[in-house]
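> coords please:
(chains A and B)
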There are 2 protein chains.
Amino acid sequence: MRSDPARLRFEISARDGEARTGVLQTPHGPVETPAFVPLATKGSVRGLTSREVDGLGYQMVLGNTFHLLAAPGPDLIERAGGLHGFMNWDGAIITDSGGFQVFSLAHGGVADEIKGRRGEMPGSGAKVEITERGVSFRSLSDGSEQFIGPEESMEIQAKLGSDIALVFDECTPFHADRDYTAHSMERTNRWLDRCLTWHLENGPAGQAVYGIVQGGIYEDLRRESVEYICASGVDGVAIGGSLGKEKSQMYEVVGITTALLPPEAPCHLLGIGEVDDVLEAVSRGVDTLDCAVPTRLARHGTALAPEPESRFRLDLRRARYTTDEGPLVEGCPCEACTDHSRLYLAHLVRGEDLTAVKLLTIHNLTFMEQLGSAARTAIADGRYEDFKRSILSGASPWETEG
Amino acid sequence: MRSDPARLRFEISARDGEARTGVLQTPHGPVETPAFVPLATKGSVRGLTSREVDGLGYQMVLGNTFHLLAAPGPDLIERAGGLHGFMNWDGAIITDSGGFQVFSLAHGGVADEIKGRRGEMPGSGAKVEITERGVSFRSLSDGSEQFIGPEESMEIQAKLGSDIALVFDECTPFHADRDYTAHSMERTNRWLDRCLTWHLENGPAGQAVYGIVQGGIYEDLRRESVEYICASGVDGVAIGGSLGKEKSQMYEVVGITTALLPPEAPCHLLGIGEVDDVLEAVSRGVDTLDCAVPTRLARHGTALAPEPESRFRLDLRRARYTTDEGPLVEGCPCEACTDHSRLYLAHLVRGEDLTAVKLLTIHNLTFMEQLGSAARTAIADGRYEDFKRSILSGASPWETEG
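Numbers count the residues shown, from 1 in each chain, chains lettered A, B, ... in the order given. Below is the predicted model of the structure:
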């Protein structure tokens, strides 16, 4: 791994078991870790303005290469001052490589967002074609033939001007066998080299690059992947691919992977963001995580709540909430909880009112930010496992301080 | 007309021609007039929180009896502290009587929102039945038989606890002939008496009641309606019903009506809110107006702009805006205009992103608030006609001060 403070500096200030807290210093300011990273998939955290996301305390968002390629395209974003200028976001940005979405089209079922397309583009009937060079597929915006390989992905991310770019990888699905996963991982390694070669020559000076650990649920493959990545010139690592069938297997895969990483390497976990998963990942040394779940739940009328028995979810469409005058979540400092009652929010959700989406998005992102903030304090205080247990037993993040 | 400062006090501070500026003192604070009143149809200004509406400078919103009857129902709202408590809105609230929506079901085409239903409920096939007692129709929420008459409307509005209630009237459509309009207006007068009788005995102490002037486009009927209302015990008047086929006819009807009103009576114009219409109505003595247009346009990707040649509308779906780096509207103080570019907003609109709705709603309501604020200053300065001409020639509201 390389280390260049002009791109990215990771300062770990405290460790507590495998968990650690610190600051990722990016060209667009610090990101205190561990941190949940909201999705700004198409250049916005859906329903919120950049100003609001900043106001919630977030220091980094994740932009989506695949979606931004479809619209409005990297050239326009580059002219608008990169993704920072385009969406007027002064904080840090991490961009994914586009691989996850493209391979979701091919393998199906990896991403909820494109569920049901299983190998075919909607309406086009055309398969996604994977070769050593890269991946061909049809554009989401106009159905035209598109191609992304390692160089293309890095070039798009260079135009987006993110603080952290991810290398182009094949995201192997859960149903892939060991042989496929092994060959895929080896190709991902070759693609890693091509990404870094392109980036070394053409990448923006301030942009860091994370490698992506693949290898599915196979420990030896994960080990091989981590070793290959660490021997390369990346600035950090992200954990991708299939993490198993059950949560326990996912935690095991994460633990195996982080144990292999150099202790000073920043580590991002891709696409994981359920409350218990965040807690377990952080306890295994993950520094940042992104996930669509908190914002997607908000759009479907569900609030995050300190209720482990219901997967930390409170579904406002349930009849009982239509007459419940209590706050959404007692003690939560967000606008939904301080200003409004459950019955009002339930009414808005039933009426499919955009105000409901707005208030629940604010709430769910506040909940995740409070979870991250409380985790940072707990690690600094050397009581992370107690903190984790108390959240898993139904404490609110804001109740656990000190 | 009655006058009770415990309910409503209208203090006119300056007159300029027929236009006037002042303050409506309600139990929930002052409303500086002339003022545009945003719709909080179902208990929210769609896409915004009550806190945001307050932050935009609005002092009154309009709640909708018909929609709130359908869900969540007046009893629940009453238990939640009335509409103020339910939506956590500390400013003034005016509620309509439900008549407009019910009669839109019957006559069709009066309200854009329920266009195409022309006399039948969607899916029910049942006609709306109008008798001297009131109106029967099927519930929007569950299809059950519902009835609203004058007493029912006032009772619902009493439970909603609005600062200003509107009497239950028949909203005659444009295609009604003189005979129908005359008979309808006479029934509306009888309903006015029943509303006031109910309200005198049962209405909340602080709630003011406005009569609704009907009579279509017929000057003698409008005169008869105004005289009847002014001889009654209402606290103010609203202008409703058909205002003609063209803008010029609408302005004439408004002018005829306001000229007949006592000079100290507060006057609300129902359902009118295009920029030029607001200017013309205010110049004829209208104090407050409500309209769905600014917020509805926002939901469809259209921003209000100082562009009289395009009806003060800027349609962000037009291709030219996808590469336009300029601000939405130069000089506008709202978040959409100060933080973002046209090309970013156009991208969000094309992606049907909720953030677009939020930003355009903020912008359109800022534009209307600035228009009202600039109108108030212009009237106080005795230069309202100059102000009106300059807006109609393409000046921005914030450019016209002093």
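> And the lowest-mean-pLDDT helix or strand in chain A, what does it pack against?
Between all helices and strands in chain A, the lowest mean by mean pLDDT, DSSP states H and E belongs to helix A:99-107, at a mean of 77. On a contact count with 3 or more Cβ pairs under 8 Å, 6 or more residues apart in numbering or on different chains; DSSP states H and E, helix A:99-107 meets helix A:65-70, strand A:135-138. Bear in mind the C-beta positions are built from the backbone N, C-alpha and C, glycine included.
> pLDDT below threshold where in chain A?
Within chain A, the segments meeting pLDDT under 70 span A:106-126, A:140, A:401-402.
> Try it again at 90.
Confidence mapping of chain A against pLDDT under 90 gives the ranges A:1-7, A:98-130, A:137-146, A:170-176, A:216-217, A:240-246, A:249, A:400-402.
> what residues does it put near chain B?
Residues of chain A lying close to chain B by Cβ under 8 Å from any Cβ of the partner chain are A:42-51, A:71-72, A:76, A:79-80, A:86-88, A:299, A:322-323, A:325, A:335, A:339-341, A:343-344, A:347-348, A:350-351, A:353-355, A:357-359.
> Could you list everything the residue nearest to A:Gln157 when sequence neighbours are not counted pairs with in the sheet?
Nearest residue to A:Gln157, sequence neighbours excluded (Cβ to Cβ, 6 or more residues apart in numbering or on different chains): A:Ala165, at 4.0 Å. For A:Ala165, the beta-bridge assignment (DSSP bridges) gives partners A:Thr95, A:Val209.
> Surely A:Ala165 and A:Ser97 touch.
Yes: counting by Cβ atoms under 8 Å, A:Ala165 touches A:Ser97, with 7.3 Å between them.
> Give me the common contacts of these two.
Counting by Cβ atoms under 8 Å, 6 or more residues apart in numbering or on different chains, the contacts common to A:Ala165 and A:Ser97 are A:Gln157.
> mind listing what whichever residue of the stretch 151-300 of chain A sits closest to chain B touches?
Residue nearest to chain B within the stretch 151-300 of chain A: A:Arg299 (7.8 Å; Cβ to the nearest Cβ). By Cβ under 8 Å, 6+ apart, the contact set of A:Arg299 is A:46-47, A:357, A:360-361, B:354.
> and which of those is nearest to A:Gly285?
The nearest member of those to A:Gly285, counting by Cβ to Cβ, is A:Thr361 at 29.2 Å.
> List the residues that contact that closest one.
Shown in contact with A:Thr361 (Cβ under 8 Å, 6+ apart): A:45-48, A:295, A:298-299.
> quick one: it from A:Glu330, how far?
In this structure, A:Thr361 and A:Glu330 are 20 Å apart, going by Cβ to Cβ, to the nearest Å.
> Quick check: A:Asp163 touching A:Val209?
No: if you go by Cβ under 8 Å, A:Asp163 and A:Val209 don't touch, sitting 10.6 Å apart.
> Can you get me a residue count around A:Phe174?
Using other Cβ atoms under 10 Å in any protein chain shown, A:Phe174 has 16 neighbouring residues.
> Give me the distance between it and B:Leu68.
Separation of A:Phe174 from B:Leu68 (Cβ to Cβ) stands at 48 Å.
> can you give me the strands for the stretch 301-402 of chain A?
With DSSP state E, counting those that start in this stretch as the criterion, the stretch 301-402 of chain A has strands at A:302-304, A:313-315.
> what pairs with the last one, and is each one parallel or antiparallel?
Looking at strand A:313-315 with DSSP bridges, its paired strands and their directions are strand A:302-304 (antiparallel).
> Please go through chain A and pick out the longest helix.
Secondary structure assigned by DSSP state H gives helix A:354-380 as the longest helix of chain A.
> what inclination does that helix have with respect to helix B:354-380?
Put simply, helix A:354-380 runs at 110 degrees to helix B:354-380, going by axes from the mean of the first three to the mean of the last three Cα atoms, to 10 degrees.
> quick one, what contacts the residue nearest to A:Gln157?
Neighbouring residues of A:Ala165 by Cβ under 8 Å, 6+ apart: A:94-95, A:97, A:154, A:157-158, A:199, A:203, A:207-210.
> what do you get if the cut-off is 7 Å, keeping everything else the same?
A:95, A:154, A:157, A:207, A:209 (Cβ atoms under 7 Å, 6 or more residues apart in numbering or on different chains).
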